[in-house]
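Novice: here is my input, please return the structure:
(chains A and B)
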There are 2 protein chains.
Amino acid sequence: VIEAMKEAIDAFGAGSGGSRNIGGTNHYHVLLEKELAAFHGKEAALLFSSGYTANDGALSVLAGRMPGTIVYSDALNHASIIDGLRHSGAQKRIFRHNDVAHLEELIADDPADRPKLIVLESVYSMSGDIAPLAEIADIAKRYGASTFL
Amino acid sequence: VIEAMKEAIDAFGAGSGGSRNIGGTNHYHVLLEKELAAFHGKEAALLFSSGYTANDGALSVLAGRMPGTIVYSDALNHASIIDGLRHSGAQKRIFRHNDVAHLEELIADDPADRPKLIVLESVYSMSGDIAPLAEIADIAKRYGASTFL
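Specialist: Numbers count the residues shown, from 1 in each chain, chains lettered A, B, ... in the order given. Below is the predicted model:
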């Protein structure tokens, strides 16, 4: 990695030159996004400059641009998730940390035709707890919800 | 700069290892902040990972943590400023772009004892216009307002 960084500095110079939509995208970014997308078997990937901006940017768009979305957010989600959801303006329900029964209770109470987004972490950054991912994915399938991990 | 980057990679490895409050601060960050503070003749400086996060982070704290603050924001301020001010929750008045008379009109209308923050750019990122900084600094002094540039 260190050698690759030195080569990249020699080829592209120091710094990105600006935000991505101005002059901040170079060939390495595009190649890395393609590799990440292929690794996950997805159509595309998008790099952010930090985990904070990834959560803030992705969630404010995902939760904010689907009209009528209800978000179900784990009580111990990271501050960047809380900020992203707040910035989305979407309606939000908090389920007790890792409590699958509480999540299902909240989802079952809401209208079936509203878009739903379950937002959680895999390994919680503050406590180190691991989420019951399989059970939450089952609930998402049963109620037609999307998940954001 | 390129040689210094290579030396830094050799000395500290690739990447910061985390956010600054976990493991993301190294000696270079501290030295650069000291140098920036000395250059501006100020007590301290704080680095952000992008201009967007600098405006968002600094404004949500500055405008949000002084109780009762009224913000006066130029109509053509960058989106990162608009987001930061929105996230601060502070009361906000928009003055017409580079219109010093309109700014003064708005400020003169507000109670003298409320904290005031004038937020503007020096060279506007979208239009390239230059702000009438000296006149706006005069208004800030006259009405006891702070400025954020």
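Novice: in chain A, which spans are helices?
Specialist: For chain A, the helices defined by DSSP state H cover A:2-12, A:27-40, A:51-65, A:79-88, A:100-109, A:133-143.
Novice: of those, which stretch is the most buried?
Specialist: Among the helices of chain A, helix A:79-88 has the highest mean neighbour count (mean count of other CB atoms under 10 Å in any protein chain shown), at a mean of 20. Where C-beta positions appear, they are placed from N, C-alpha and C, glycine not excepted.
Novice: contact partners of it?
Specialist: Contacts to helix A:79-88, defined as CB atoms under 8 Å, 6 or more residues apart in numbering or on different chains, come from residues A:51-64, A:69, A:71, A:73, A:92, A:119, A:121, B:83, B:87.
Novice: can you pull the domain assignment for chain A?
Specialist: A:2-39, A:51-148 (automatic domain parsing).
Novice: show the contacting residues for A:L103.
Specialist: Counting by CB under 8 Å, 6+ apart, A:L103 touches A:72, A:95, A:118, A:136, A:139.
Novice: tell me the confidence at it?
Specialist: The model reports A:L103 with a pLDDT of 98.
Novice: for A:E121, see how far away it is.
Specialist: Going from A:L103 to A:E121 by CB to CB, to the nearest Å gives 14 Å.
Novice: sorry, back to before: the helices of chain A into JSON lines, with extra columns for distance to B:N77?
Specialist: Compiled in JSON lines, those are given as follows (distance: least, CB to CB, whole Å):
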{"stretch": "helix A:2-12", "distance to B:N77": "31"}
{"stretch": "helix A:27-40", "distance to B:N77": "28"}
{"stretch": "helix A:51-65", "distance to B:N77": "19"}
{"stretch": "helix A:79-88", "distance to B:N77": "18"}
{"stretch": "helix A:100-109", "distance to B:N77": "39"}
{"stretch": "helix A:133-143", "distance to B:N77": "40"}
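Novice: nearest to A:P111 among the contacts of A:L103?
Specialist: The closest of the contacts of A:L103 to A:P111 turns out to be A:Y72 (CB to CB; 13.8 Å).
Novice: for that closest one, which non-adjacent residue is closest in space?
Specialist: Distances taken as CB to CB, 6 or more residues apart in numbering or on different chains put A:I118 closest to A:Y72, at 4.7 Å, once the chain neighbours are dropped.
Novice: neighbours around the one you found, how many?
Specialist: Summarising burial for A:I118: neighbours were counted as other CB atoms under 10 Å in any protein chain shown, giving 24.
Novice: so it sits against A:S146, correct?
Specialist: Yes - counting by CB atoms under 8 Å, A:I118 does reach A:S146; the two are 7.2 Å apart.
Novice: overlap of the contact sets of these two?
Specialist: Here A:I118 and A:S146 have A:A140 as joint contacts, going by CB under 8 Å, 6+ apart.
Novice: ok, A:P132 - contacts?
Specialist: A:98, A:100.
Novice: where does it sit relative to A:E104, distance-wise?
Specialist: 12 Å.
Novice: before we move on, what about A:M126?
Specialist: Per CB to CB, A:M126 is found 24 Å from A:E104.
Novice: with A:A11 instead?
Specialist: 52 Å.
Novice: then A:G64?
Specialist: Distance, A:G64 to A:E104, by CB to CB: 25 Å.
Novice: around chain B, which positions in chain A sit nearby?
Specialist: Counting by CB under 8 Å from any CB of the partner chain, chain A comes close to chain B at A:1-2, A:5-6, A:9-10, A:13-14, A:19, A:49-53, A:83, A:87.
Novice: so how many other residues sit close to A:R114?
Specialist: Look at A:R114: counted by other CB under 10 Å, it has 14 neighbours.
Novice: and the pLDDT for it?
Specialist: With respect to pLDDT, A:R114 scores 97.
Novice: which residues does it contact?
Specialist: Per CB under 8 Å, 6+ apart, neighbours of A:R114: A:68-70.
Novice: mark which of those residues are buried, thanks.
Specialist: A:69-70 (16 or more other CB atoms under 10 Å in any protein chain shown).
Novice: so which of the contacts of A:R114 comes closest to A:A44?
Specialist: A:A44 lies nearest to A:T69 out of the contacts of A:R114, by CB to CB, at 21.3 Å.
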